[in-house]
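Asks: Sequence and predicted structure are below.
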Amino acid sequence: MILSFAIMLLAVALDQISKYLVVQNMDLFESVPVIPGFFRFTYIENKGAAFGMLAEHRWVFLIVSTVAIAAFVFYLVKYRPRDLLLRISASFIIGGGVGNMIDRCLRGSVVDFIDVEFIDFYIFNVADMFVCVGCGLMILYLILSEIKEKKKNKAEGETDSNE
């Protein structure tokens, strides 16, 4: 559990520090090249959910994300999963969710600033990266656990037929 909470705290800290630095050092809509033609910081404020969706339904999204974060925390605390990949992925999702939740509650919008120029993509933040990577790791965990379960069932089937 300590590792999970440390990951969550690290995710929130990295997210909030990066957003603080952007807000303190950039004007809204200002864009600063980091690697020209590839990556820049562009400060925007997102009133919606992921990638600006549901901007007019802030409270609905706030409630749904609060329930989802609470469900992940409840699962980690109550069931204490042993699988490291599952714990890390859930911790990434929770930490990223909390980071954006802080913005929604305190600012009314989420600070976004990571702008990938070489593809036409939405501007996002560190919390979004934690949520997306966490979801990817969760999918990987589910695939690997399914493979493991099928191998186990196959081995048990072979053992039963040998008896």
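Replies: Here it is on my side, so go on.
Asks: all helices for the chain, in order.
Replies: Along the chain, counting by DSSP state H, helices occupy 2-25, 58-79, 84-107, 126-162.
Asks: Could you look over those and pick the most buried one?
Replies: Sort the helices of the chain by mean neighbour count, taking mean count of other CB atoms under 10 Å, and helix 84-107 sits at the top with a mean of 20. C-beta coordinates here come from the backbone N, C-alpha and C atoms, glycine included.
Asks: Which elements pack onto it?
Replies: Packing partners of helix 84-107 (3 or more CB pairs under 8 Å, 6 or more residues apart in numbering; DSSP states H and E): helix 2-25, helix 58-79, strand 110-116, helix 126-162.
Asks: Arrange the ones you listed in CSV, one row each, with distance to Ile93 as further columns.
Replies: As requested, those are exported to CSV (distance: least, CB to CB, whole Å):
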stretch, distance to Ile93
helix 2-25, 9
helix 58-79, 6
strand 110-116, 16
helix 126-162, 4
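Asks: what would these look like in TSV with mean pLDDT?
Replies: TSV is the format used below for the helices and strands packed on helix 84-107 (pLDDT from 0 to 100):
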stretch	mean pLDDT
helix 2-25	97
helix 58-79	89
strand 110-116	96
helix 126-162	90
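Asks: Thr42 is nearest to which of the ones you listed?
Replies: Within those, the stretch nearest Thr42 is strand 110-116; the backing value is 4.0 Å (CB to CB).
Asks: Grab the most central residue of the chain for me.
Replies: Closest residue to the average C-alpha location of the chain: Val131 at 1.0 Å, with CA atoms, centre = their mean.
Asks: Can you give me every residue that contacts it?
Replies: Applying CB atoms under 8 Å, 6 or more residues apart in numbering, we find Val131 in contact with 50, 92-93, 96-97, 100.
Asks: Quick check: the farthest pair among these?
Replies: Taking CB to CB, the two most distant members of the contacts of Val131 are Ala50 and Phe92; they sit 14.8 Å apart.
Asks: Quick check: which of the helices of the chain is nearest to Val32?
Replies: For Val32, the closest of those is helix 2-25, at 8.8 Å, according to CB to CB.
Asks: Please enumerate residues in contact with that closest one?
Replies: 41, 43, 76, 87-88, 90-92, 94-96, 98-100, 102-103, 111, 113, 125-127, 130.
Asks: what's the angle between it and strand 110-116?
Replies: Inter-element angle recorded for helix 2-25 and strand 110-116: 90 degrees (by axes from the mean of the first three to the mean of the last three CA atoms, to 10 degrees).
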